[in-house]
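Colleague: coordinates only, no sequence provided:
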């Protein structure tokens, strides 16, 4: 298989995602059954972190070990992409000493430049613009609990950030709809993320209206990494965009709640919701591990027959 990267959600086709979700189900079952599965023996994952993370490092590092490979962690002290060394040069060197690279950084441009000069697959662990691995986990979690997401409605309440951008891309690829409600001044910019089909999203000024009839309600922190200077201003602007019990009651009776974590109870979501019966945030967090194992397997070995 030709070298393939996962830099944003629309890099893969619907057919590829169907395959990945099926492989994830099988790999997760192996994990839960304590069945050894080491398809990536002697393979090395390099993880480059310019933005700190608990879940991303743990899920990728543990996942690679569970597949029989090894993982190397590089942080900003070890690797200064584009500052101490050109991104293009770093990509050439790192990709000659590894089999797959995961990068968690700031601008999407950095990871695009790295991938263009890499001899091995590159995975986006998060950028300012996109968070495709998280949405992969979120959609798998929805499928586990409620079945196929095609034709369903996802309500996004809060900041038009990398999570929102990726949900919009996913809706086009997998044919579902996203209701977006953001405060004035924090609106989405569909053209900047390559989302041109208005049939797959609808904008609401009132978050309650966005949640009405939704099958999944989801949100994220009001202040993403890199925007800390705006925190006080954002707390005021987002005050009415806190997902609470009323919003969940406006959604479908069987609606789920998701949050990529870390969460701030009392800000973007109430404790009643995130700790309530409709919340699947812990399954969602765990599933980062399983979908990323399926992703790395696919990027390195191509399609395998699921038993």
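Modeller: On my side now, so go ahead. On a predicted model such as this, the values are computed, not experimentally measured, just so you know. Numbers count the residues shown, from 1 in each chain.
Colleague: tell me where the stretch 1-150 of the chain has strands.
Modeller: Assigned by DSSP state E, counting those that start in this stretch, the strands in the stretch 1-150 of the chain fall at 44-49, 70-74, 100-104, 122-126.
Colleague: may I see the ones you listed arranged in a markdown table, with mean neighbour count, mean pLDDT and distance to residue 112 as well?
Modeller: For the C-beta atoms, the positions are set from N, CA and C on the backbone; glycine is no exception. Below are the strands of the stretch 1-150 of the chain laid out as a markdown table (neighbours: other Cβ atoms under 10 Å; pLDDT from 0 to 100; distance: least, Cβ to Cβ, whole Å):
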| stretch | mean neighbour count | mean pLDDT | distance to residue 112 |
| --- | --- | --- | --- |
| strand 44-49 | 22 | 97 | 14 |
| strand 70-74 | 16 | 96 | 19 |
| strand 100-104 | 27 | 97 | 10 |
| strand 122-126 | 26 | 98 | 9 |
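Colleague: what's around the residue lying closest to residue 44 once chain neighbours are set aside, how many residues?
Modeller: In this structure, residue 44 finds its nearest non-sequential neighbour in residue 98, 4.7 Å apart by Cβ to Cβ, 6 or more residues apart in numbering. A count of nearby residues for residue 98, using other Cβ atoms under 10 Å, gives 20.
Colleague: now residue 244
Modeller: Neighbours of residue 244 (other Cβ under 10 Å): 16.
Colleague: list the contacts of it.
Modeller: Contacts here follow Cβ atoms under 8 Å, 6 or more residues apart in numbering; on that basis residue 244 touches 269, 270, 272, 273.
Colleague: just among those, which is most surrounded?
Modeller: Within those, neighbour counts (other Cβ under 10 Å) peak at residue 269, which reaches 30 neighbours.
Colleague: next one, pLDDT for that one please.
Modeller: Listed pLDDT for residue 269 reads 97.
Colleague: hey, what's it bridged with?
Modeller: Bridge pairing for residue 269 (DSSP bridges) gives the partners residue 243, residue 265.
Colleague: my read: it touches residue 242, true?
Modeller: Yes. Counting by Cβ atoms under 8 Å, residue 269 does reach residue 242; the two are 6.5 Å apart.
Colleague: find the centremost residue of the protein, please.
Modeller: For the chain, the residue nearest the mean C-alpha position is residue 134 (1.9 Å; Cα atoms, centre = their mean).
Colleague: gap between that one and residue 298?
Modeller: Computed as Cβ to Cβ, to the nearest Å, the residue 134 to residue 298 distance reads 17 Å.
Colleague: what of residue 89?
Modeller: Distance of residue 89 to residue 298, computed by Cβ to Cβ: 28 Å.
Colleague: same check on residue 161?
Modeller: Distance from residue 161 to residue 298, by Cβ to Cβ: 27 Å.
Colleague: out of the two, which sits in the busier spot?
Modeller: Using other Cβ under 10 Å, the more surrounded residue of residue 161 and residue 298 is residue 161, with 23 against 20.
Colleague: wait, what's in contact with the residue nearest to residue 44?
Modeller: 44, 45, 46, 72, 120.
Colleague: right, I'll leave it there.
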